[in-house]
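*Asks:* I'd like to go over a predicted model; first the sequence, then the structure.
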Amino acid sequence: MINWITKTYDELSKEELYEILRLRSEVFIVEQNCVYQDLDGRDQDCWHLMGREGDCLAAYLRVLPKGLEKEGFGSLGRVVLAADQRGTGLGHELFAEGLRLYDEKVGADVPLLIHAQSYLENFYAQHGFMATSESHMFEGRPHTFMVRNPGSDK
């Protein structure tokens, strides 16, 4: 059973922040063998969604307010699952919970932009996103800009 917890940066404990950064590092830097600047100065302005299973951080994403990623858009980012949680359906649950949180905090009327790893385009399309760019290299991996417009099927 996953317990969903949302906190602002200032509400995160030192232990929670460490767990978040550790999971992001384990997956994006070590597992995906990608050297990039994860600490991008945006975490302080985001809402942090943590999916906990018991004492373990199983899933995480951050919700970026309107204008932080791109003028006129809100965003979701750093979407990540612990390795032992993949293939369980938790990714869809995480993203659905992230969309609910986005609509609550940023607003369902605000267009939502994501900078998705290109191999996940079909996953995000299942949640109402459409590609708005060609695949391009970003942070060492192919990425695609995708948008969910207000009023689209979610």
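*Replies:* Done, it's in. Numbers count the residues shown, from 1 in each chain.

*Asks:* is residue 58 in a helix, a strand, or coil?
*Replies:* Under DSSP: H, G, I helix; E, B strand; the rest coil, the three-state class of residue 58 is strand.

*Asks:* confidence score at it?
*Replies:* Per-residue confidence (pLDDT) for residue 58: 97.

*Asks:* backbone dihedrals for residue 125, please?
*Replies:* phi -60, psi -30 (degrees, to the nearest 10).

*Asks:* the helix or strand of the chain with the lowest mean pLDDT packs against which elements?
*Replies:* Least confident helix or strand, the chain: strand 136-138 with a mean of 88, by mean pLDDT, DSSP states H and E. Applying 3 or more C-beta pairs under 8 Å, 6 or more residues apart in numbering; DSSP states H and E, one finds that strand 136-138 contacts strand 141-148. (Glycine included, C-beta is placed from N, CA and C.)

*Asks:* show residues contacting the strand it packs on.
*Replies:* 32, 34, 73, 99, 111-119, 121, 124-125, 127-137, 154 (C-beta atoms under 8 Å, 6 or more residues apart in numbering).

*Asks:* please repeat the previous calculation with a cut-off of 7 Å.
*Replies:* Outside strand 141-148, the residues that touch it by C-beta atoms under 7 Å, 6 or more residues apart in numbering are 32, 34, 111-118, 121, 124, 128-133, 135-136.

*Asks:* just the ones of these in strands?
*Replies:* 112-117, 130-131, 136 (DSSP state E).

*Asks:* filter these down to the buried ones.
*Replies:* Among the ones in strands among the contacts of strand 141-148, the ones that count as buried by 16 or more other C-beta atoms under 10 Å are 112-117.

*Asks:* can you redo those as a markdown table with distance to residue 63 and pLDDT?
*Replies:* What follows is these, written out as a markdown table (distance: C-beta to C-beta, whole Å; pLDDT from 0 to 100):
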| residue | distance to residue 63 | pLDDT |
| --- | --- | --- |
| 112 | 10 | 96 |
| 113 | 12 | 96 |
| 114 | 11 | 96 |
| 115 | 14 | 92 |
| 116 | 15 | 91 |
| 117 | 18 | 89 |
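
*Asks:* much appreciated, bye for now.
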